[in-house]
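In: From the sequence below, what's the structure:
(chains A, B, C and D)
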Amino acid sequence: MSFPLLTATAALPAVGAIATAAVPAARRTAAKWLALFFSLATLALAVVVAVRFDPDGDRYQLTESRAWIKDFGVRYELGVDGIGVALIALTALLIPFIILAGWHDADPLETKSSRWRPTQGFFALILAVEAMVIISFEATDVFLFYIFFEAMLIPMYFLIGGFGDRAHSGSDENASAQRSYAAVKFLLYNLVGGLIMLAAVIGLYVVAGNFSLQEIAEARANGSLDMATNTERLLFLGFFFAFAVKAPLWPLHTWLPNAMGEATAPVAVLITAVVDKVGTFAMLRFCLQLFPEASKWATPVILVLALVSIVYGALLAVGQRDIKRLVAYASISHFGFIILGIFAMTSQGQSGATLYMVNHGISTAALMLVAGFLISRRGSRLIADYGGVQKVAPVLAGTFLIGGLATLSLPGLAPFVSEFLVLVGTFARYPAVGIIATFGIVLAALYTLVLYQRTMTGPVKPEVASMPDLKVRELAVVAPLIALLIVLGVYPKPVTELVNPAVKHTMSDVQKKDPKPDVEAAK
Amino acid sequence: MDTENLIALLVAAPLLGAAVLLCGGRRLDRVGHWIGTALAAVSFVIGLVLFTDMLGKGAEDRSLHQHLFSWIPVEGFQADVAFQLDQLSVTFVLLISGVGTLIHLYSIGYMEHDERRRRFFGYLNLFLAAMLLLVLADNYLLLYVGWEGVGLASYLLIGFWQHKPSAATAAKKAFLVNRVGDMGLSIAIMLMFTTFGTFAFEPVLEATGETSEGKLTAIGLMLLLAACGKSAQVPLQSWLGDAMEGPTPVSALIHAATMVTAGVYLIVRSGEIFNGAPDAQLAVTVVGAVTLLFGAIVGCAKDDIKKALAGSTMSQIGYMILAAGLGPIGYVFAIMHLVTHGFFKAGLFLGAGSVMHGMNDEVDMRKYGGLRKYMPVTFVTFGLGYLAIIGFPGLSGFFSKDKIIEAAFAKGGTEGWILGSVALLGAAITAYYMTRVMLLTFFGEKRWQPDAEGNAPHPHESPKSMTIPMILLAFGSVFAGGFFSVGDRFMHWLEPVTHHDHGDSPLSAATVTGATMVVLVIGVTLAWLQYGRRPVPVVAPRGSLLTRAARRDLLQDDFNHVVLVRGGEHLTRSLVYVDHTLVDGVVNGTAASVGGLSGRLRKLQNGYARSYAVSMFGGAAVLIAATLLMRAV
Amino acid sequence: MTAVAAYTTSTGEALQFWVLGTVAVIGALCTILMRKAVHSALCLAGTMIILAVFYLANGAYFLGIVQIVVYTGAIMMLFLFVVMLVGVTAADSLKETIKGQRWLAALCGFGFAILLFAGIGNASLKDFNGLAKANANGNVEGLAALIFTKYVFAFEITGALLITATVGAMVLTHRERTERAKTQRERAEERVRAGKHLPPLPAPGVYARHNAVDIAGLLPDGTPSELTVNQTLRERGQIRDVSSEALNDLRALEQRASDRLERPGPLRTGSGRAGESASDPVAAAAGEQTEEASK
Amino acid sequence: MNPVNYLYLAALLFAIGATGVLIRRNVIVVFMCVELMLNACNLAFVAFARLHGNLDGQIIAFFTMVVAAAEVVVGLAIIVSLFRSRHSASVDDASLMKL
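Out: Predicted coordinates for the structure are as follows:
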C-alpha cells in the first residue's frame, strides 16, 4: 500500500495544532509563524492530492482502508472524488489567509500570567478545525465521517466563545454575554442536528450491516440491499437534518448570524467558508448516494426551503444594521443557491453547486476579511458608524467593493459562473423555481450596494477621517483572494473538469437524466 | 497575420489600460490619462484595420469568428469565450472606439483639476472594454458579461464623485434598475438553453423556426425587459436622469452615445427571434413609442441642461427601439439613427460640458443666456448638433429619423398609423425642447449673477483638448447621415445581418418628409414664441400641471419610492422582527421551558429525609395498588 | 386458652379484641401525636403490652412473654434512657415546616391502610386451622424444634447480628479521650480567665417545703435566679417560680404581726410594704421567724 | 369473630406508624414509630401462624424481635452520637442530602 497521502493531509494540521499549542507563552510570534508554516505545508499537500487525482479515473481515488472497530464493522476508510478534492483544496487554501488575517486577533490585551497563552490556543484551534474538516471531506466511512463532523464543534465552540470580536455591535454593551450566547447557540443547534444524525447512522448500520459508503452505495445500486420506503425516508431525514443545520437552511439558520456576528472576522470566515461547506458537501455525498429515492421524494420541500432561504436571507441582509450580520444573512441566501443546485438533480445544477461552494468560500472570505479590517480600524460593527471611507482609504474601499461585487456575482468574477450554472440547472427542470431564484440576484445587488454606499461613499465621517489604508499584511491576505476570484471567473475550467465526472456519478446514483432541450426533443 | 486574431485585441487593449491604471497607483498619476487615451485609440485603429479588411471581402463572408477558449464546460452546457465580428458589430466597434477616443481626449481637459483623474481614465477604459466585449461576443452569455460590465463601469462613473451623496445614490439606482433588466436577460438565456440547448448566436438564430411561437415570445419579452433596463425605456427609465450626476464626458459617452444603445443592439441582434414573435415585436414598438413621448415631455420641462439632454436621449432611443420593433423594415434605420445619434448627442453633451466648464459647473439653463458671444466654438458645434437632432434637412438626424417615421407608417394597418403619428408628434416635441435649450443657453441676454462667494462666472472658451473632439463630432453629426443614405449604402452594408425589406408605406416618402418639416417648424416656432421673443425669468414659473409632473420625471420616482422603497423597507424590517422573535423565539422558547421544568423538579429534592420518605411510601402504595389491580383484572 | 378455636373465636376473645384493639389503636395514635417524647414512649409501651396480650390470645405464648419482657421491658426502657440522655427538649412543636408534608403523609397513610384492607379483604382467608396441632406438646418446644433444626442458620446469624450490634453501639457511643485530662488547678485557672461566675452556683430552693431542686432561689430583691436550678430542668422548662408565693406569705406574716402589735394602718404598711418587701424581704422574714420563735 | 380482624388491626397500626414516621421531626419519636410498624408486622405474622396452623410465622416474628432489638441498640447509639455532634434531635436538621 502506497504512502497514505490523504491521512497525511489531514494529520499535518493536527500535528501543527499540537505543536502550536505547545509553544511557551512568551514566544507568541513563534506560535503564529509555526501555525502559518503548517497551514502552508498542508496547502502543499493538498496541491499534491489535486495533482495525483485523475478526473477520468475511477470514482474514489487515493483510497485507504484499515479495520478500526471490528465489532461494528467500522473501518478507517478514506477516499476522494473530484468534489472532495476541490473542497479540500479550498480549505487548505483558505486557512493560511485566515491565520494571516487573524494575526493580531488573539494577542492578549494584558498578559495576565506567564502561563496564559490565548494566541497559541487560537491558532491551534484553527488548525484543529482544518484537520477535522479535511478528514470529513475524505472519509468514505459513515461512522468515521460522523465522528469528525461532530468533533468539529468543540474547537469551533471555543473559537467563537473564547475569541470574540472586540468591536461593539451596538446591540448591547456586555459583549461577552452576547458571545457566549452565540457560542452556546451554535453548539446546541449543531449538537441537536448531530444527535439526530447519530440515530440515523445507527439505523443505517442496523439496515445495512456496515458503515462503508461505497459498499452500501453499491448494494443500493445493484439492488442487493433494498430498504423499505419509509425506512429510507426516515434515515434520509435524519442525515439531511444535520446537514441542513450545518449548511444552514431556513428555518434552521438563526445560529449563523449570531455566531458570525460575535466571532472575529477570520473565525466567521472559518465558519461560513469552511465548516458549513461540510454540510452541503455531505448532502451531495451521503444523502444523494445512500438514499436516492428518498432524496427524490423530499426534493419539492427542499427546493421550497432553499428558495425561502435565498429570498429571505437576502431580504434580511438588506435589513441589517451590523456589517458582519449582513454578510451572514447573505451567506444564508447563497447556501440556499447551493442546496437548490444540489437538489435540482441536473448536472449543471450539481456542478454549479460544487463550484458555488468553492467560489462562495473565496468571495465571502474576501468580503468578510476586508470587513474585519475595516471594523478593527473603527472598533464598531454598525454600518451607521461609517461613511466616506473611500476617500481616506481607497484601496480598502476598492477591495471591499470587489468583494461585494463577487457577492452579487458580477460576471467576470468567480461566483457568477457557479450561480448561473445553478440557475440554469434549476430552470431546466423547474422553470418557476429558477425564475423565483433569479430575483435573488437583484436583492443581492441591493444589499451589497447599500452596504457599500453607506460605509464607503458620502461625506467623510470625523471618526474615520484618520483611518489608515490597508497594510502590507492585509493586502497580502486580500490580493490573492481577489486574483483568484478573477481567475476562476474567467477560466473556471480546471475546477469544472475536476468536478464533472463526480457529478456524473452522482447523477447516475439518483438515476436522473438531464432534461433535453425542446429542439432536440422535437427531433 | 490572420485578421480575426485581432478581434481579441480590440477588447484586450482597453482592458489592459484599465488594469494598469487601476492597479498602477499614484506613480501613474501624471501620465495615466495619456495611457488611457492611447489605448482607446489603439482599439479604434484596430477597428479601422478590421473594417477596411472587411470592405475587401464579399458581402457574405464578411463575418469573422475568433474562438479563444472554452469558458464553462459542463455536462450538456457549453459556454465559450469566442468573438464574432460582422457588419453590425464592426459598426458598433467603430462608433464605440471612435467616440470613446474622442471623449478620452475631451476628458483630459475636462478632468484636469480632479486629483483622481487617473482612476477616471481607468474606469473609462474598463467601460470601453466591456462595451466592446458586449458587441463582439458570439454568444448571449458572453454578451451578458459585457452587459453587466458596462453596468459596473457606469456605476463607477456615475458615482465617480462619491463624496456627493446624490452621486452615490444615483449610481446605486442605476445599477439596481439595470439589475432588473439583467434578470430579464439571464432568464432569456435560460429559456434559450432549455429550448435550443445552446445560447450562441448562430445556432439559436438559425433554429428559431423549429420551436413554438410561445417560446419565442417569452424569450423576446425577456430580451425586451433587458433592453428596457439598459436603454432607459419605460418602465425602467428612471435611472437615466439621475445618472447625469456623473461627469459630463461620462454622460456623453455612456449615457448618450454607446451604452444606452446596447438595448437596441440586443434587439437587432436577436432579430430572428422577434421576427418569429409578432406579439413581442408589438410590445417593443409600444415601449419605444411610449418612451419616445415620455422622454420628450420630460425634456421639455427640465431646466438642468444635462437632464434636458437626458430626456432627449431617452426619446431618441425610443425612436430606435420603435424602429427595431418594426422588424426587418426598421432594423437598419434603428442602427443608422443609433450611429448618427451617437455623433450629435455626444456632441451636444460635450457642448453642455464645455458650457458648464466655463460657467463654474452651473447647470441651470435659466442662469445662462447669450453665451454665443463668449464661447463661439461651443456655440457653433452645439448648434450643428442641435440642427442635426431636430432633423434639419441635409443633416444626419434628418435622414435617420425621417426613415424611422416612414418605416413606422410602413408597418401598415392602424398600428402603422398610430406609430407613425406618434413618431411625428415626437419630432415636433423634439424640435420644441431642443430649440428651448438652444435659446436659453446661447441667446437672449446674460442672466447669471455672482454666486454666494460673490465670484461671478466669467464664461470662456474651453481648451483645445475639449474643443477638437467637439468639432470632430460636429462633422459627424453634419455629414454622417447623408453619407450613409446616399444610395442606401448603410442599408446594403447591414443587409446580410439584418435582412432589410421595404414595407408598403401608405404614404410616399415625400409626404412623410413634408409632414416632418411642418411639425419641425411648428415646434421651433412654439419654442421661439415662448423663450426667444420675451425675456426668460431666472426662477422657473410654477407652470402647468403637466410641466410640474414632467419636472419630476412624470412622477415615476415618486411611484418607485412609495411602492418599492417604502414597501421594501417595511417588509425587511418586519422580516427582521419575525426572524428574531418567531424563528429564533421558537427555539429559545423550548430551551427556556426545559430549563423551567428542570428547575421545578430540582425543588422536589429539598434534602429532607421525611419528604423522600413520603415519596417512597407513596410509591409503595402505588405498587400495592398496581398488584391489586392486576389480580383484580 | 389452650385450645384455640379454628374458624371463629370465642366471644371472650372477641370481646377482648374489640376492647384492647381500640385501646391499642388509641395508644398508637397517641404515640404519634403526643408532644413530648416521653409521653409517646409510654403510649407505645402500652400498645406493645396490648399486642403481647394478643400474641398470647393467638397461641404464641412464648412470643407474648418475650414481647413483654424484651420489648416493653428492655427496648422501651432503652428508649426512655435515651430520651433522658438527649435532654429532652421540652416539647418539639408539631408545627410542620415542610410545605404540604403533613397532608401528603396523612393521605399516604390513609390510602395505604385502605389498600392493605382491600388486600386482606380479597385474600381468601376462610379457614383457620388453629395451632392446636402445632402447639400439641408445648409452644416453646415447638418453636425450639423449628429454631434448632429448620432455622438454625438464621438463628446463628442472628446471634452474630446481636454481637455486631452491641459492638457497634459501643463504638458509636464511645468517645476516645484524645487529650490529657485537665487537673483541678488548670480548671480553676480557666474559670478565672473566663471571668464568669467564680463562686459556686447558688443553692436552689429557699424554703424546704417543696421539692427544692426545681425552685429557683430568690435574689435579694425577690426575683428568681435561673442559675440556681439544674441545667436539665432548665432546658425542660421545669422551673417553678415561687417568688410570688414568697411575697404573699410575707404579706400574710406582716398582717398578723401588725394585728398582734395593734399597729394601725395597713394602708401605711401597704404603702410601705412594696418598698419594704422589695428592699429586704429576707431580713423581714428573718425578723418574723424570731417573732414566731418567741411565741 | 373472625381472627382475620387481627390482620386488619395490624394493617391499621402499620399505617399509623408509617404516618408517624412521616410527620414527626423528633428522631426518637420517629424511631418509636418504626418500632410500632415492626410490631404491627409481628402481629400479622402471629395471626398468620395461627391461620396456617404452623409455627413458622411465630419464628419469623421471633427473629423480627431479635433484629428489632439489634436495630434499636444501633439506632439509639446513632441518635446519641448525632445529638452530641449537633445538639438537636430533629430529623430536618440532618438535611445534608440537599443539592
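In: which helices and strands sit right next to the lowest-mean-pLDDT helix or strand in chain D?
Out: Sorting the helices and strands of chain D by mean pLDDT, DSSP states H and E puts helix D:56-86 at the bottom, at a mean of 88. Helices and strands touching helix D:56-86, by 3 or more CB pairs under 8 Å, 6 or more residues apart in numbering or on different chains; DSSP states H and E, are helix C:61-66, helix C:76-85, helix C:139-149, helix C:152-173, helix D:27-52. All C-beta spots, glycine's among them, are computed from the backbone N, C-alpha and C.
In: and the residue nearest to B:Met54 when sequence neighbours are not counted, backbone torsions?
Out: Nearest non-adjacent residue to B:Met54, counting by CB to CB, 6 or more residues apart in numbering or on different chains: B:Arg62, 4.9 Å away. Taking degrees, to the nearest 10, you get phi -90, psi -20 for the backbone angles of B:Arg62.
In: Look up how far chain D lies from B:Arg62.
Out: According to CB to the nearest CB, to the nearest Å, B:Arg62 stands 92 Å off from chain D.
In: Among the helices and strands packed on helix D:56-86, which comes closest to A:Leu188?
Out: Within those, the stretch nearest A:Leu188 is helix D:27-52; the backing value is 45.9 Å (CB to CB).
In: What are the buried residues along the closest one?
Out: Neighbour counts using 16 or more other CB atoms under 10 Å in any protein chain shown place D:27-51 of helix D:27-52 among the buried residues.
In: What of stretch B:448-467?
Out: Buried residues in stretch B:448-467 (16+ other CB under 10 Å): B:Trp448, B:Pro457, B:Pro459, B:Glu461, B:Ser462, B:Ser465, B:Met466, B:Thr467.
In: Look at the closest residue to chain A within chain C and tell me its secondary structure.
Out: Residue of chain C nearest chain A, by CB to the nearest CB: C:Lys99 (34.5 Å). Look at C:Lys99: counting by DSSP: H, G, I helix; E, B strand; the rest coil, its state is coil.
In: Run a quick neighbour tally on it.
Out: Neighbour count of C:Lys99, defined by other CB atoms under 10 Å in any protein chain shown: 10.
In: And B:Leu545, by the same measure?
Out: Residues within reach of B:Leu545, counting by other CB under 10 Å, total 8.
In: what's the spacing between the residue nearest to B:Met54 and chain A?
Out: For B:Arg62 relative to chain A (CB to the nearest CB), the value is 28 Å.
In: Can you name the residues that contact that residue?
Out: By CB atoms under 8 Å, 6 or more residues apart in numbering or on different chains, B:Arg62 lies in contact with B:Met54, B:Asp86, B:Gln87, B:Pro496.
In: quick one: which of the residues you listed is nearest C:Gly138?
Out: Looking across the contacts of B:Arg62 and measuring by CB to CB, the closest to C:Gly138 is B:Asp86, at 134.5 Å.
In: What score does the closest residue to the closest one other than its chain neighbours have for pLDDT?
Out: Leaving aside its sequence neighbours, B:Asp86 sits nearest to B:Ser63 (CB to CB, 6+ apart; 3.8 Å). Predicted confidence (pLDDT) for B:Ser63: 82.
In: My read is that B:Ser63 contacts B:Val90, right?
Out: No: counting by CB atoms under 8 Å, B:Ser63 does not reach B:Val90; the two are 9.6 Å apart.
In: Give me the helices and strands touching the lengthiest helix in chain A, please.
Out: Taking DSSP state H as the criterion, chain A has its longest helix at helix A:175-208. Secondary-structure packing of helix A:175-208 (3+ CB pairs under 8 Å, 6+ apart): helix A:142-151, helix A:153-162, helix A:213-221, helix A:229-246, helix A:255-262.
In: can you tell which of these is closest to chain C?
Out: For the helices and strands packed on helix A:175-208, the distance to chain C is smallest for helix A:153-162, at 40.1 Å, taking CB to the nearest CB.
In: Quick one: residues in contact with that closest one.
Out: Under CB under 8 Å, 6+ apart, the answer for helix A:153-162 is A:118, A:121-122, A:125-126, A:128-129, A:132, A:179-180, A:182-184, A:186-187, A:190-191, A:194, A:259, A:262-263, A:267, A:270-271, A:275.
In: And for stretch B:461-468?
Out: By CB under 8 Å, 6+ apart, stretch B:461-468 touches B:105-106, B:108-110, B:350, B:353-354, B:357-358, B:374-378, B:381.
In: Just the buried ones from those residues?
Out: B:105-106, B:108-110, B:350, B:353-354, B:357-358, B:374-375, B:377-378, B:381.
In: Looking at these, spot the one nearest A:Tyr386.
Out: B:Tyr110 (31.1 Å).
In: What separation is there between the closest one and chain C?
Out: From B:Tyr110 to chain C the distance is 89 Å (CB to the nearest CB).
In: Please look at that residue and B:Pro249 and confirm they touch.
Out: Yes: the criterion here is CB under 8 Å, and B:Tyr110 meets it with B:Pro249 at 5.6 Å.
In: Now mean pLDDT and distance to B:Thr258 too, for the helices and strands packed on helix D:56-86, in JSON lines please.
Out: Shown next, in JSON lines, are the helices and strands packed on helix D:56-86 (pLDDT from 0 to 100; distance: least, CB to CB, whole Å):
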{"stretch": "helix C:61-66", "mean pLDDT": "92", "distance to B:Thr258": "121"}
{"stretch": "helix C:76-85", "mean pLDDT": "86", "distance to B:Thr258": "111"}
{"stretch": "helix C:139-149", "mean pLDDT": "89", "distance to B:Thr258": "121"}
{"stretch": "helix C:152-173", "mean pLDDT": "91", "distance to B:Thr258": "106"}
{"stretch": "helix D:27-52", "mean pLDDT": "91", "distance to B:Thr258": "102"}
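In: could you point out where the chain is predicted with low confidence?
Out: With no chain named, the answer covers chain A. A:1, A:109-116, A:165-174, A:522-523 (pLDDT under 70).
In: Please refer instead to chain C.
Out: Using pLDDT under 70, chain C drops low at C:1-8, C:87-94, C:126-127, C:205-212, C:222, C:236, C:241-243, C:246, C:263-295.
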